[in-house]
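[1] return a 3D structure for these sequence lines:
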Amino acid sequence: MKIKLTTVYVDDQDRALRFYTEVLGFTKKADFSNGSFRWLTVTSPDEPGGTELQLALSDNPAARTYQRAMFQQGQNAVMFHTDDIKADVERIQARGGEFIMPPTDVTGAIIARLGDTCGNVIQLSQLKRWQA
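    Okay, the predicted model is just below:
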């Protein structure tokens with residue numbers, strides 16, 4: 001088995017698409033609608049056939065409640081791996097991303113956290129076990 005898709009709920013799909021592509025640097029993979037439903041995914045430009053992240057509209061009560069509760073508690077909606085957290089933080093900040101936690105040394109990793117402008121906290125992680 002493989003993980004092919006995961007979902008993050010967003011309060012505005014157009015704003016989310018701009019953030020995840022223009023600020024974080026992901027690539028739009030799928031974008032099509034059926035009535036009021038919109039299927040929108042992004043993927044890493046380094047792995048275009050890899051795992052997709054669905055930017056799903058939090059337009060139902062359960063999704064909206066979950067998204068808001070996670071955000072209010074400061075819990076990550078999604079975590080992305082990086083090989084160079086310092087460079088990625090600088091690149092994201094230069095594109096307008098605002099970090100709520102700068103790169104911080106924790107057990108086994110260096111992490112940084114930012115908001116995605118769509119109601120979520122994102123964590124970037126550089127695992128120490130992958131450092132040479």
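[2] for this protein, which segments count as helices?
    Along the chain, counting by DSSP state H, helices occupy 13-18, 61-72, 85-94.
[3] mean pLDDT, distance to Gln123 and mean neighbour count for those - can I get that in a markdown table?
    C-betas here are computed from N, CA, C, even on glycine. Below are the helices of the chain laid out as a markdown table (pLDDT from 0 to 100; distance: least, CB to CB, whole Å; neighbours: other CB atoms under 10 Å):
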| stretch | mean pLDDT | distance to Gln123 | mean neighbour count |
| --- | --- | --- | --- |
| helix 13-18 | 98 | 17 | 17 |
| helix 61-72 | 94 | 12 | 13 |
| helix 85-94 | 98 | 10 | 15 |
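[4] make a markdown table out of the ones you listed and add distance to Gly25.
    Below are those laid out as a markdown table (distance: least, CB to CB, whole Å):
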| stretch | distance to Gly25 |
| --- | --- |
| helix 13-18 | 12 |
| helix 61-72 | 23 |
| helix 85-94 | 7 |
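[5] looking at those, which is nearest to Phe26?
    Among the helices of the chain, the nearest to Phe26 by CB to CB is helix 13-18 (9.3 Å).
[6] just to revisit the earlier point, nearest to Pro45, of the helices of the chain?
    Among the helices of the chain, the nearest to Pro45 by CB to CB is helix 85-94 (12.9 Å).
[7] low pLDDT regions in this protein?
    By pLDDT under 70, the low-scoring segments of the chain are 130-132.
[8] who does Leu125 form a beta bridge with?
    That one is not Leu; residue 125 is Ser. His81, Ile111 (DSSP bridges).
[9] same deal with Val42?
    Beta-bridge partners recorded for Val42 (DSSP bridges): Lys28, Leu53.
[10] that concludes my questions; thank you for your assistance.
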